[in-house]
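>>> This is a predicted model, with the sequence first.
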Amino acid sequence: MEEIIKLKNLSVFYGEEEVVKDVNLSFKKNKVTALIGHSGCGKTTILKTMNQLIAEEKNARVKGKVIFKEQSIDKMDVETLRKTIGIVFQNPTPFPFSIEKNMLYPLDYHGGYGKKEKQQMIQEKLEKTGLYEEVKDRMNFSAQKLSGGQQQRLCMARSLTLNPEVLLLDEPCSSLDPKSTKKIEQTLKDLSENITVIIVTHNMAQARRIADYVAFFSEGRLIEYGETEKVFQYPKKEETKQYVEGLLV
């Protein structure tokens, strides 16, 4: 199975503190991979490293390599990289203007799209996140007046306008109700038919529902990686077993 991103001996430091420690991990193309582990174990830092957001953080330093389709990301233009590897954060961040302008923003920023093409793309991406029918009659309304779940799906749709090959998500459902969570989980499963999805989650049931593969981290180290059901049912490491069973606190 084709691998789209590889982490090679990846370590990340904040000052002298090593928060990601010599991680080697490959992500399968068009699959959902969940990164699990306690808060502070390096999961979000790994996401930020994969699209170079880490470079904007004070005192952050990276050792090792992130390889995207056989090319080191530090050799790629940052804007091209972030179009290709999109990211959606834990708290939805719609811009303080209308739903339509939120969707138009990345298209206008990067340019090269006609008016009709932009409208088609906006509708298509909103449909992919299951949001279009809910907002089609109020595209001029403020995006910040949407519900939390709708805002999160809008941010996902906005990321999709640039047709990324990889979508990174940091706890996208952590503050959402079960109904909104279910919609986002279904969206991610549907997206993975054409996009590689990498999600950080503390919700073990969610990881088991939507992920094809799971990577378990502890104190910055990769402890175990494999197919989701194998990791949950037959973990190779005792630390993994205790974590997925809720015994490791």
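Sure thing, it's come through.
>>> okay, CA-based contacts and neighbour counts for the rest of this
Noted.
>>> just the strands in the protein please.
Applying DSSP state E to the chain gives strands spanning 3-14, 17-28, 32-36, 60-68, 71-72, 85-88, 166-170, 196-200, 213-218, 221-227.
>>> would TSV of these with distance to residue 102 be doable?
As requested, those are exported to TSV (distance: least, Cα to Cα, whole Å):
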stretch	distance to residue 102
strand 3-14	29
strand 17-28	30
strand 32-36	26
strand 60-68	28
strand 71-72	31
strand 85-88	14
strand 166-170	18
strand 196-200	22
strand 213-218	32
strand 221-227	36
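>>> Is it possible to get CSV of these that adds mean pLDDT?
Output for the strands of the chain, formatted as CSV (pLDDT from 0 to 100):
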stretch, mean pLDDT
strand 3-14, 97
strand 17-28, 97
strand 32-36, 98
strand 60-68, 97
strand 71-72, 96
strand 85-88, 93
strand 166-170, 95
strand 196-200, 97
strand 213-218, 98
strand 221-227, 97
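>>> Tell me which of those lies nearest to residue 207.
strand 32-36 (5.9 Å; Cα to Cα).
>>> so how far is that closest one from its chain's centroid?
9 Å (Cα atoms, centre = their mean, to the nearest Å).
>>> With stretch 220-237 instead?
A distance of 20 Å separates the centroid of the chain from that of stretch 220-237, by Cα atoms, centre = their mean.
>>> Run through who's touching it.
By Cα atoms under 8 Å, 6 or more residues apart in numbering, the residues outside stretch 220-237 that reach it are 18-24, 40-43, 207-208, 211-217, 239-241, 244.
>>> picking that back up, can you redo the strands of the chain as CSV, where the extra columns are mean neighbour count and distance to residue 115?
Formatted as CSV, these follow (neighbours: other Cα atoms under 10 Å; distance: least, Cα to Cα, whole Å):
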stretch, mean neighbour count, distance to residue 115
strand 3-14, 19, 33
strand 17-28, 18, 35
strand 32-36, 26, 33
strand 60-68, 18, 32
strand 71-72, 14, 34
strand 85-88, 23, 23
strand 166-170, 24, 26
strand 196-200, 26, 29
strand 213-218, 23, 40
strand 221-227, 18, 43
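>>> Who are the packing partners of the helix or strand of the chain with the lowest mean pLDDT?
Every helix and strand in the chain was compared by mean pLDDT, DSSP states H and E; the lowest is helix 178-191, with a mean of 89. Helix 178-191 is packed against helix 148-160, helix 204-210, with contacts defined by 3 or more Cα pairs under 8 Å, 6 or more residues apart in numbering; DSSP states H and E.
>>> Buried residues in it, which are they?
180, 181, 183, 184, 185, 187, 188, 189, 191 (16 or more other Cα atoms under 10 Å).
>>> which ones are touching the last one?
Pointing back at residue 191 there. Counting by Cα under 8 Å, 6+ apart, residue 191 has contacts 128, 197.
>>> and residue 111, how many residues sit next to it?
Residue 111: 9 surrounding residues under other Cα atoms under 10 Å.
>>> So residue 45 sits against residue 54, correct?
Yes. The criterion here is Cα atoms under 8 Å, and residue 45 meets it with residue 54 at 7.2 Å.
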